[in-house]
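S.K.: Generate coordinates for the sequence data below:
(one chain, ligands or ions: 1)
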Amino acid sequence: MQPWIALFPPRASTNAGQVDALYGYLLVVGVGMTVLIFAAIFIFAIKYRRKSPDDPMPKGIHGSLPIEITWSVIPFLAMLVMFAWGTKLYFDSYTPPKNALDIYVTGKQWMWKVQYPGGQHEINALHVPTGVPVKLTLASEDVIHSFYIPAFRLKHDVVPGSYETYWFQATKPGRYHLFCAEYCGTDHSKMTGWVTVMDPVSYANWLSETETGASMVEQGSKVFEQYGCATCHTEAQGKGPSLRNMYGHPVQLQDGRTVIADEAFFRKAIENPSSMAVRGYPTNVMPVFKGQINEEDLLQLIVYIKGLSEPAPSTAAVYNGTGQAGRAQK
Ligand code: CUA
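M.R.: As a prediction, the model looks like this:
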């Protein structure tokens, strides 16, 4: 039963308990320090006040090294714990496990469009299984939105022109709120929806019931043809690098950097090829696609390119249309 006033939203992800624990620590340290400081002020003000005009003036005290070290070092350590703990949680949240299930979310005034690798899509709704890590790739078609699921303690800005990734693992089946947490125009307050967490079997059923035909990889392969990518990015020595097994691997760039070919890399490489020129290939051959390709096509294209790499063998790969495992049985 929900208490009359819920101080915390329900906890429905592996992250939720950890975030609440850190928050609890901040609260305890914050309240503890405040109480100590104010208690000291009041106790000293009363105890050492001048009780009558005849009281002699006290002698000045000029510092005490042990006391000063104590009141510096203890708060310093307490704060350092916040820093270390917060940093660990932060990095954990941004480092998805290799076998995570991919889901793609696009914010748009004023709705959330959600796409699954199998081609399923929905608006203002997200379906996820319990016990499987889910990696979200977030994009925006217009302005800054913020994808917010309180029950998962997940909030992430969605910025136009880039991909943001975040991951979580749901723990409890149920229905949870989904919000936009960044004012994004007139109907910002209506940019809400529901997250449905299901056990893995119901989830697999839901996926097959809502299947609409082409998977994102299949749709992406059409986009790949349509934009003429295949002319240069061939298996044989083409004008551009072969895209097979490129995703997830390090790539050497002409400017000397080595980057991991992730979603963000492919996005930049497609929108503005010279910014991600791959070593060993001529520059300024590939046209700039910024403004030429819409978010939907871009996303499908990238999912297609991901599909050209060996998928991680896992439960998630079965849900992921990218793993041939999921669709080959048909
Ligand atoms: Cu989107 Cu507020």
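
S.K.: and residue 47, how many residues sit next to it?
M.R.: 7 (other Cβ atoms under 10 Å). In this view, the C-beta of every residue, glycine as well, is placed from N, C-alpha and C.

S.K.: Would you list the phi and psi of it?
M.R.: phi -70, psi -40 (degrees, to the nearest 10).

S.K.: got any ranges where the stretch 151-300 of the chain has weak pLDDT?
M.R.: Applying pLDDT under 70 to the stretch 151-300 of the chain picks out residues 236.

S.K.: Name the residues of it found near the ligand, please.
M.R.: Residues of the stretch 151-300 of the chain lying near the ligand by Cβ under 6 Å from any ligand atom: 180, 182, 183, 184, 188, 191.

S.K.: run the last query once more with 8 Å
M.R.: Residues of the stretch 151-300 of the chain found near the ligand (Cβ under 8 Å from any ligand atom) are 158, 180, 181, 182, 183, 184, 185, 188, 189, 191.

S.K.: next one: the stretch 1-150 of the chain
M.R.: 107, 109, 110, 143, 144, 145, 146.

S.K.: From the residues you listed, list the buried ones, please.
M.R.: 107, 109, 110, 143, 145, 146 (16 or more other Cβ atoms under 10 Å).

S.K.: Show me where this protein has its helices.
M.R.: Using DSSP state H, the helices of the chain run over residues 14-47, 65-94, 200-209, 216-226, 263-271, 295-307, 315-319, 324-328.

S.K.: contacting residues around stretch 22-36?
M.R.: Defining contact as Cβ atoms under 8 Å, 6 or more residues apart in numbering, one finds that stretch 22-36 is touched by 75, 78, 79, 81, 82, 85, 86, 89.

S.K.: Flag every buried residue along it.
M.R.: So, applying 16+ other Cβ under 10 Å, buried residues of stretch 22-36: residue 22.

S.K.: before we move on, back to that, between the helices of the chain, which one is nearest to residue 134?
M.R.: helix 315-319 (8.1 Å; Cβ to Cβ).

S.K.: what about that closest one, average pLDDT?
M.R.: Helix 315-319 shows a mean pLDDT of 53.

S.K.: Could you check what's spatially nearest to the closest residue to the ligand within the stretch 1-150 of the chain, not counting adjacent residues?
M.R.: The nearest approach of the stretch 1-150 of the chain to the ligand comes at residue 145, 3.4 Å away (Cβ to the nearest ligand atom). In space, and not counting its chain neighbours, residue 145 is closest to residue 107: 3.5 Å by Cβ to Cβ, 6 or more residues apart in numbering.
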